[in-house]
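Engineer: I'd like to go over a predicted model; first the sequence, then the structure.
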Amino acid sequence: MNSLYALTFFTHTGLGTLALATFWIAGLSRKGSPVHRTAGKVYLLAMTGLLVAAVPLAIGVIQVLALDIGTDEALAEQKNLYEELGYTDCSEIKDRNYFHSIYVRSPAGILTECAATAEGGFLRDESYDELGTNLLLPPWFEHERAKIVAMLEPIVVPEINRPRGTKAPASKPAAAAAAPAAGSRRTDATFIGGDR
């Protein structure tokens, strides 16, 4: 923890404790008494400081960092590098259909994902003109398609956001939407390594 972050963190924690204490002091003292008024003013200042100290703690906090590694070979090299550096929690290479990924957590707790786009990328299971027009599920959820579709609200894409020359698709009954897109290969899964 760097010193500026630590100072901000402990200031935030101290002000929170002070705000909590003065809240109860004001709440339990006689309304309008000097103790009540003083505790109320301190509470207001402590809450203001608490809010101000919370902003730098919240801004720029990275939870997940995703990096494009380029190729599967470079991804394997990156995995080996992490393991050589002693990151024993680096995941196996995971097949995410459109890309392959590894995940590792840094000492600061940031989850880093390194990914390589699979051949074809998003065009692996639908044409360019159909991108985003069908519900594509991971193979391991395909058997629950009807149940998942039943929970979803219809999405209407405004005409201005549709590709030129296309019209709004006709509403499909839930039963028709439950069937996978024609020609979709997403009915089974091939996993790499320990991805289960």
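Structural biologist: It's in.
Engineer: now the strands: where do they sit in the protein?
Structural biologist: Remark: strands assigned in the chain by DSSP state E are 64-68, 94-95, 99-105, 111-117.
Engineer: mind listing what the shortest one pairs with, with the direction of each?
Structural biologist: Pointing back at strand 94-95 there. strand 99-105 (antiparallel) (DSSP bridges).
Engineer: now do the buried residues in the partner strand.
Structural biologist: By 16 or more other Cβ atoms under 10 Å, the buried positions in strand 99-105 come out as 99-104. In short, each C-beta sits where N, CA and C put it, glycine included.
Engineer: again with stretch 43-62
Structural biologist: Here stretch 43-62 shows 43, 46-47, 49-50, 53 as buried, counting by 16+ other Cβ under 10 Å.
Engineer: ok, now stretch 138-150?
Structural biologist: The neighbour-count check on stretch 138-150 (16+ other Cβ under 10 Å) flags 139, 142, 145, 149 as buried.
Engineer: and what of stretch 73-83?
Structural biologist: Buried residues in stretch 73-83 (16+ other Cβ under 10 Å): 75, 78-79, 82.
Engineer: could you do stretch 111-126 as well?
Structural biologist: 112-117, 125-126.
Engineer: how close does the spatially most central residue of the chain sit to residue 140?
Structural biologist: By Cα atoms, centre = their mean, the chain has its centre lying nearest to residue 64, at 7.3 Å. To residue 140, residue 64 is 22 Å away according to Cβ to Cβ, to the nearest Å.
Engineer: try residue 87
Structural biologist: As for residue 87, its distance to residue 140 is 27 Å (criterion: Cβ to Cβ).
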